[in-house]
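Novice: Dropping a prediction and its sequence here:
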Amino acid sequence: MIQKVLHISHLYPSNKAPYAGTFIRDLYRSLNTSLDVKILVPTRFSFNNSTLKDEQDAQRVYYLSIPRQRLARITKFALFNALKAAIQNINPDVVHIHWTFPELMILPEIKKLGIPVVN
């Protein structure tokens with residue numbers, strides 16, 4: 001039986017954009033009444049990132065993003081390495097990836113950890 005769900009979404013309310021991704025936060029809160037739900041918010045490294053609203057609900061994970069399509073492998077590698085320790089620490093029964101980019105790039109690597117993934 002699924003009891004622990006890890007939700008990975010780069011869109012989540014922050015102090016800079018308080019209404020961005022509020023549906024993700026609402027989904028988390030509704031599922032969290034019957035399941036143990038954790039949220040990881042992958043965020044491109046920047047010197048002016050704002051803090052998350054409701055930081056007790058979500059954990060921001062920074063990664064290096066290279067803005068060139070032909071260098072997407074570097075972004076994929078950096079994203080997975082940034083998330084891997086957090087994923088293993090949470091040890092979820094299932095991972096929910098909400099967005100195609102950039103999160104879906106790491107789908108094969110998460111599956112290699114033996115964790116089912118839904119999108």
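Specialist: Arrived safely, thanks for sending. Just so it is clear, the model here is predicted, and its values are computed rather than measured.

Novice: drop to CA atoms for contacts and neighbour counts, all remaining ones
Specialist: Will do.

Novice: biggest strand in the protein by residues?
Specialist: strand 36-44 (DSSP state E).

Novice: May I see the buried residues of it?
Specialist: Applying a neighbour-count criterion of 16 or more other CA atoms under 10 Å, one finds Val37, Lys38, Ile39, Leu40, Val41, Pro42, Thr43, Arg44 buried in strand 36-44.

Novice: as a whole number, average confidence for the helix or strand just after that strand?
Specialist: Heading C-terminal from strand 36-44, the first helix or strand you meet, by DSSP states H and E, is strand 58-63. Mean per-residue pLDDT for strand 58-63: 76.

Novice: who does strand 58-63 touch, helix- and strand-wise?
Specialist: Here strand 58-63 touches strand 36-44, helix 72-90, going by 3 or more CA pairs under 8 Å, 6 or more residues apart in numbering; DSSP states H and E.

Novice: Packing partners of the helix or strand following the longest one?
Specialist: Meaning helix 72-90. Remark: after helix 72-90, the chain's next helix or strand is strand 94-97, criterion DSSP H and E. Counting contacts by 3+ CA pairs under 8 Å, 6+ apart, strand 94-97 packs against strand 4-8, strand 117-118.

Novice: With distance to Ile110, mean neighbour count and mean pLDDT added, can I get the ones you listed in a markdown table?
Specialist: As requested, the helices and strands packed on strand 94-97 are exported to a markdown table (distance: least, CA to CA, whole Å; neighbours: other CA atoms under 10 Å; pLDDT from 0 to 100):
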| stretch | distance to Ile110 | mean neighbour count | mean pLDDT |
| --- | --- | --- | --- |
| strand 4-8 | 11 | 22 | 86 |
| strand 117-118 | 8 | 14 | 83 |
